[in-house]
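Chemist: my questions concern the predicted model and sequence given below.
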Amino acid sequence: MKESRTFMVLSILLLCLATHLSYGQGSRYTGNYIKSSPIQHAHKNNIVIEGLEFTNSNPSLFGGRAISLWKCENVIIRNCKFTNVAWETAILVENGLNVTITDCVFENVYQAVRVPSGRGNIKFENNEVRNLVKGLHNGNGGGGVQLVESNGPGYSINYNVFESLPENTYTIDVIGIYRSNGTPESPITIKGNWIRGGGPLLNSGGILLGDIGGSYQIAEDNILVNPGQYGIAIAGGHNMTLRNNKVYAKQQPFTNVGLVLANWTHDQLGPSYNIVVENNAINWISSTGAVGTAWVSENMKAAVPNWRQASVRDASILPSILPEVIFGRARLPQDTSNPPSNPTTPPGNENGGLPIVYIDTFNRICVNYSGETYYLTSFSISRDGKILVDQVIDRYHTVVNKKFGPGEYDVMVEYDGKIQNSKLVLK
């Protein structure tokens, strides 16, 4: 597709298509798509690709990929759809810098995104991936997102949804970080993702850090249900963190262990150190029917002083840690997420009709409002008289993904000609 035609289409879409505000995990886009042939850019900067649909990419064109970026900078890919792209990865970002992929939907793909030799600030956020399938070119298991030998600050894989239906999946790692390095100030972040389904390969699993080493990687606040042979893992490297994750698996022919801590490249790359594993809740049943909470290799025990605590089962973790519907939530008539764990409910709201302001399980400020004039509703967040957020609400459930420090915050909601003031305390 010629670049001029792409930008013309994008300009029209920006004017005509509606995009929902942030409400949580997964894509927030509810507009239409325009079918597109595969796109490839090399050494291009300041690109926006939006509102396009890619289906059955031709293996003879750009290697079967839907979008290929070679050493491009300042790229946004948003509100796009990728279906039946099973020959190669749907999006390839090689040697890229400042690339954001957001509010996209992937269905029946071999791999959603692969990032080899990234130079930093590459983000995969608020996307939805359903069914990772066998690669048609090599027969390998698919994966959601993979970073390969990518270094620098600003990498994030946050607030995405990955769902693999048992009869349609053939996965390896849903999220895999291979020989990549963040920075002390900006580690590679995998946060707030929902993963359901995986396998049946015996090397399949949910989130893998430190594959063939690497450093400054953190996976936190993720929820995984039946993700494969393993749940979450650190395979080596240093300055790695696994914390506040919830992992569940029932007995299946391929299930092994919920948490793996092992340095598989100890002899080649040296010992691991500064490994943090804390507050993970795991309930995992292996293929034999035994409890398989965690496995820690001998060469990793010195790097994880509290490794024994990681092996304690939390039987309260059940499949219900994820909502019944996690894919396509923005396209449903109403929100289907779990109820807030610690809502701050305005007086009289038990009868319905008033906004609800609360802090969710990820310590984010949320506003729910289902009144007829929700599209005219706005809210602001302030602290000590200084306004930090001021935005409109265009759906029932709105999540503010901006990070706030601990303290007391004032939330003012303007709705139906009225004003409601609430105070929230973030820990």
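Modeler: Okay, I see it.
Chemist: neighbours of Lys134, how many?
Modeler: When neighbours are counted by other Cβ atoms under 10 Å, Lys134 registers 16. All C-beta spots, glycine's among them, are computed from the backbone N, C-alpha and C.
Chemist: give me phi/psi at it?
Modeler: The phi and psi values for Lys134, taken as degrees, to the nearest 10, are phi -70, psi 140.
Chemist: what's the answer for Glu167, then?
Modeler: Per degrees, to the nearest 10, the backbone of Glu167 is at phi -80, psi -10.
Chemist: residues touching it, list them.
Modeler: Residues near Glu167 by Cβ atoms under 8 Å, 6 or more residues apart in numbering: none.
Chemist: which residues does Leu69 contact?
Modeler: Counting by Cβ under 8 Å, 6+ apart, Leu69 has contacts Gln40, His41, Ala42, Lys44, Val75, Ile91, Leu92, Val93, Glu94, Gly96, Val99.
Chemist: can I get these in CSV with pLDDT, secondary structure and distance to Asn126?
Modeler: Formatted as CSV, these follow (pLDDT from 0 to 100; DSSP: H, G, I helix; E, B strand; the rest coil; distance: Cβ to Cβ, whole Å):
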residue, pLDDT, secondary structure, distance to Asn126
Gln40, 96, strand, 25
His41, 97, strand, 23
Ala42, 97, strand, 27
Lys44, 97, coil, 24
Val75, 97, strand, 16
Ile91, 97, strand, 15
Leu92, 97, strand, 20
Val93, 98, strand, 17
Glu94, 98, strand, 23
Gly96, 98, coil, 19
Val99, 98, strand, 15
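Chemist: now the buried members of those residues.
Modeler: Gln40, His41, Val75, Ile91, Leu92, Val93, Glu94, Gly96, Val99 (16 or more other Cβ atoms under 10 Å).
Chemist: can you give me the helices in the stretch 151-300 of the chain?
Modeler: 266-269, 298-301 (DSSP state H, counting those that start in this stretch).
Chemist: between those helices, which gets nearest to Ile275?
Modeler: helix 298-301 (7.1 Å; Cβ to Cβ).
Chemist: contacts for that closest one?
Modeler: Contacts of helix 298-301 (Cβ under 8 Å, 6+ apart): Ile234, Leu261, Ala262, Asn263, His266, Pro271, Ser272, Ile275, Trp307.
Chemist: out of those, which end up buried?
Modeler: Ile234, Leu261, Ala262, Asn263, His266, Ser272, Ile275, Trp307.
Chemist: quick one: residues contacting the third one.
Modeler: It refers to Ala262. Ala262 sits in contact with Ala233, Ile234, Ala235, Gly236, Trp295, Val296, Ser297, Asn299, Met300, where contact means Cβ under 8 Å, 6+ apart.
Chemist: circling back: format the helices of the stretch 151-300 of the chain as TSV; extra columns: distance to Ile419.
Modeler: Below are these laid out as TSV (distance: least, Cβ to Cβ, whole Å):
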stretch	distance to Ile419
helix 266-269	59
helix 298-301	55
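Chemist: nearest to Phe124, out of the ones you listed?
Modeler: helix 266-269 (26.4 Å).
Chemist: now that closest one: average pLDDT?
Modeler: Mean pLDDT, helix 266-269: 95.
Chemist: contact partners of that helix?
Modeler: By Cβ under 8 Å, 6+ apart, helix 266-269 touches Ile212, Gly213, Gly236, Gly237, Ser272, Asn299.
Chemist: list the buried residues in it.
Modeler: Buried, per 16+ other Cβ under 10 Å, within helix 266-269: His266, Leu269.
Chemist: next: stretch 247-261.
Modeler: Val247, Tyr248, Ala249, Gln252, Phe254, Thr255, Asn256, Val257, Gly258, Leu259, Val260, Leu261.
Chemist: let's see which of the buried ones among the contacts of helix 298-301 end up in strands.
Modeler: Among the buried ones among the contacts of helix 298-301, the ones falling in strands (DSSP state E) are Ile234, Leu261, Ile275.
Chemist: among the helices of the stretch 151-300 of the chain, which comes closest to Pro153?
Modeler: Per Cβ to Cβ, nearest to Pro153 of those: helix 266-269, 22.2 Å.
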